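Student: attaching a predicted model along with its sequence, questions to come.
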Amino acid sequence: MKPSRAAVATGGSLISAVLSFLPLSCCVFPVAFSFLGASGLAFATALMPYRPYFVALTVVFLAIGFYFSYRPQTKACEPGTACATPQGRKLQRVSLWTITALTLALIAFPYLIPYLPLV
């Protein structure tokens, strides 16, 4: 059984949104380890030279997710298919924007650390 194009597009954009969030682990793990008191910061700092590549990869995955989420429908949807219900596209777009907001916050976090009030 061949999957419909709408199902492939929805799945592809959700997967790209999630995968765009994963390369930021070089920035998230140091913060998580510092809050937990673990000594994994040495491992996480070893990944810092690769941070620009991870951020670029994140932007590429987000761009792919937005392309698949907002591209125009080329065919008319038949009743009963995944593209006929607008709820699927709405969920896809909401999840993509949520992941994008979290991603931007994580990208900006290392630059905001010096301005955080430490008591």
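Tutor: Happy to help now that I have it. Residues are numbered from 1 along each chain as shown.
Student: now do the buried residues in stretch 50-68.
Tutor: Buried residues in stretch 50-68, defined by neighbour count with 16 or more other C-beta atoms under 10 Å: 54-55, 57-58, 61-62, 64-66, 68. For glycine as for every other residue, the C-beta is placed from the backbone atoms N, C-alpha and C.
Student: now distance to Leu96 and secondary structure too, for these, in a markdown table please.
Tutor: Converted to a markdown table, those look like this (distance: C-beta to C-beta, whole Å; DSSP: H, G, I helix; E, B strand; the rest coil):
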| residue | distance to Leu96 | secondary structure |
| --- | --- | --- |
| Phe54 | 19 | helix |
| Val55 | 18 | helix |
| Leu57 | 17 | helix |
| Thr58 | 13 | helix |
| Phe61 | 11 | helix |
| Leu62 | 8 | helix |
| Ile64 | 10 | helix |
| Gly65 | 5 | helix |
| Phe66 | 7 | helix |
| Phe68 | 9 | helix |
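Student: so which of the residues you listed is the closest to Leu116?
Tutor: Val55 (20.7 Å; C-beta to C-beta).
Student: Ile15 is in contact with Ile99, correct?
Tutor: No - at 11.1 Å, Ile99 does not count as touching Ile15 under the criterion of C-beta atoms under 8 Å.
Student: tell me which of those two has more neighbours.
Tutor: Set Ile99 next to Ile15 and count neighbours by other C-beta atoms under 10 Å: Ile99 wins out with 21 against 14.
Student: I'd like to know which helix or strand in this structure has the lowest mean pLDDT.
Tutor: helix 25-36 (a mean of 64; mean pLDDT, DSSP states H and E).
Student: spell out the residue ranges of the helices in this structure.
Tutor: Assignment of helices within the chain using DSSP state H yields the ranges 5-21, 25-36, 41-46, 51-70, 86-112.
Student: between these, which gets nearest to Glu78?
Tutor: Between the helices of the chain, helix 5-21 lies closest to Glu78; by C-beta to C-beta that is 10.1 Å.
Student: appreciated, that's everything.
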